[in-house]
Each structure stands twice: as structure tokens, then as C-alpha cells.
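> Please find the sequence and the predicted model below.
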Amino acid sequence: MNHMNKIECRRLTDMGTGSLAIVDRFEGGGAFKEKLISMGILPGKEIEIISSRKNGPVVIRVNDTRLALGHGMAYKIYVK
């Protein structure tokens, strides 16, 4: 296996404004995961980071919908 081709996962809060990413996984309990899924944020889904600040909300686009996620919630989402 060639490790140079391996894509590393990062927290959503580490992504810059204008980035495109694929949701990899979530960190958290069942209710948290259900909330994300109900908003259309699921593993394998492409998202666009509209706005990301150090300690403020992260605004993303999923499909044709803009969502504002609190920093704590965005911190628990891993993307690649």
C-alpha cells in the first residue's frame, strides 16, 4: 500500500473558508449523530466551507442548503 496516497482526516474546524471536503465520520453519541444526519451531514457527503472562524460558528453548504454549526459541533466532525 502506498501511504503517499492516503488522505488524512481533519476536524471540520481546521478547514479554511472556501474548502471542499468529504464527511468521514463523527465523534459523539447517538443523538448527536442523528441530528447531523437529519441536517444532511452524513459520511461520504461533500460539503463546502462557506465561513470558518477560530472560535465562532462554521457555515457550510450541504446540497443547496447553508447551515451554521456551532464550533463545538463542528469540532466533532471529521472530513477529508
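Looks like it arrived, so ask away. Residues are numbered from 1 along each chain as shown.
> where do the strands sit along this structure?
Counting by DSSP state E, the chain has these strands, from start to end: 10-11, 20-26, 46-52, 58-62, 65-69, 77-79.
> Partner strands of the shortest one, with direction?
What that stands for is strand 10-11. strand 77-79 (antiparallel) (DSSP bridges).
> tell me the mean pLDDT for the partner strand?
Averaged over strand 77-79, pLDDT sits at 98.
> Equivalent analysis for stretch 29-43, please.
For stretch 29-43, the per-residue pLDDT averages 95.
> buried residues in the helix ranked longest in the chain?
The longest helix of the chain (DSSP state H) is helix 30-38. By neighbour count with 16 or more other CB atoms under 10 Å, helix 30-38 contains the buried residues 33, 36. C-betas here are computed from N, CA, C, even on glycine.
> could you give the angle of it to strand 20-26?
150 degrees (axes from the mean of the first three to the mean of the last three CA atoms, to 10 degrees).
> Show me what helix 30-38 is in contact with.
26, 42, 73, 76-77 (CB atoms under 8 Å, 6 or more residues apart in numbering).
> so which of these is the most crowded?
I77 (27 neighbours; other CB atoms under 10 Å).
> what's around the residue lying closest to that residue once chain neighbours are set aside, how many residues?
Spatial nearest neighbour of I77, chain neighbours left out: L12 (4.2 Å); criterion: CB to CB, 6 or more residues apart in numbering. For L12, the neighbour count with other CB under 10 Å is 25.
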